[in-house]
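[1] Predicted model follows, preceded by the sequence.
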Amino acid sequence: MTTDVELRDVVPEDLPILFEHQLDPEANRMAAFPARDRDAFMAHWEKILRNPAGTIKAIGFNGRLAGYVTAFQMSGETETQIGYWLGREHWGQGIATRALAAFLQLVPVRPLFAHVAMHNIGSIRVLEKCGFKLYREQREAVRGEEVDEFLMILELEEMQ
């Protein structure tokens, strides 16, 4: 297995690939998050890319765009959340874990929170490997659908 994972700025040319990633029905099921149509997706990403308060990086793997990782605050909230998405062809190779670990070095904010569907064992393992712990179980409405999820937290490490 290669370890050629890099983080870089998201550029407009990435958006068509990221759009295709989020159309994958299995990825939608695992993330418990429905796909957006092209217009809604592009409008959402234009907003993300203009937001100076968020941090977002493209995940490159062996010279190809594999996905993205982000830290953001939802409107009206003070908690900083992280999220990531990889195209299915990049699953199961340790890419998400390596990318998130590198991203956490760039984002010093703690605590960080992550929402993950309870059935998404792979994503739960990525978060655990990067130091996240279970904060609570909850049911959330995600675009009109009820989702059973874990809210996970990465806190400041205690000084030894």
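    That came in fine, so what should we check first?
[2] helices and strands of this protein: which one bottoms out on pLDDT?
    strand 133-142 (a mean of 88; mean pLDDT, DSSP states H and E).
[3] Tell me which strands whichever helix or strand comes after that one pairs with, and in which orientation.
    Following strand 133-142 in sequence order, the next helix or strand is strand 145-154 (DSSP states H and E). When sheet partners are counted by DSSP bridges, strand 145-154 sits next to strand 112-117 (antiparallel), strand 133-142 (antiparallel).
[4] okay, the first one in PDB with CA atoms only?
    In this case it means strand 112-117. Below are the C-alpha coordinates for strand 112-117, written out as PDB (Å, rounded to 0.1, in the frame of the first residue of the first chain):
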ATOM      1  CA  LEU A 112     -13.800  19.100  17.200                       C
ATOM      2  CA  PHE A 113     -17.000  17.200  16.600                       C
ATOM      3  CA  ALA A 114     -17.900  14.700  13.900                       C
ATOM      4  CA  HIS A 115     -21.400  13.300  13.100                       C
ATOM      5  CA  VAL A 116     -21.300   9.700  11.800                       C
ATOM      6  CA  ALA A 117     -24.100   7.300  11.000                       C
END
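[5] Which residues in whichever helix or strand comes after that strand does the neighbour count mark as buried?
    Beyond strand 112-117 in the direction of the C-terminus, DSSP H and E gives the next helix or strand as helix 121-129. Applying a neighbour-count criterion of 16 or more other CB atoms under 10 Å, the buried positions in helix 121-129 are 123-124, 126-127. Bear in mind the C-beta positions are built from the backbone N, C-alpha and C, glycine included.
[6] what's the answer for stretch 83-98, then?
    Going by neighbour count (16+ other CB under 10 Å), the buried part of stretch 83-98 is 83-87, 90-91, 93, 95-98.
[7] Of the buried residues of helix 121-129, which is the nearest to residue 148?
    Distances from the buried residues of helix 121-129 to residue 148 were compared by CB to CB; the smallest belongs to residue 124, at 12.6 Å.
[8] What's the separation between the closest residue to residue 153 other than its chain neighbours and residue 119?
    When the adjacent residues along the chain are set aside, residue 153 lies closest to residue 135, with 4.1 Å between them (CB to CB, 6 or more residues apart in numbering). Distance of residue 135 to residue 119, given as CB to CB, to the nearest Å: 18 Å.
[9] shaky segments in this structure?
    Low-confidence segments of the chain, defined by pLDDT under 70, span residues 1-3, 142-143, 158-160.
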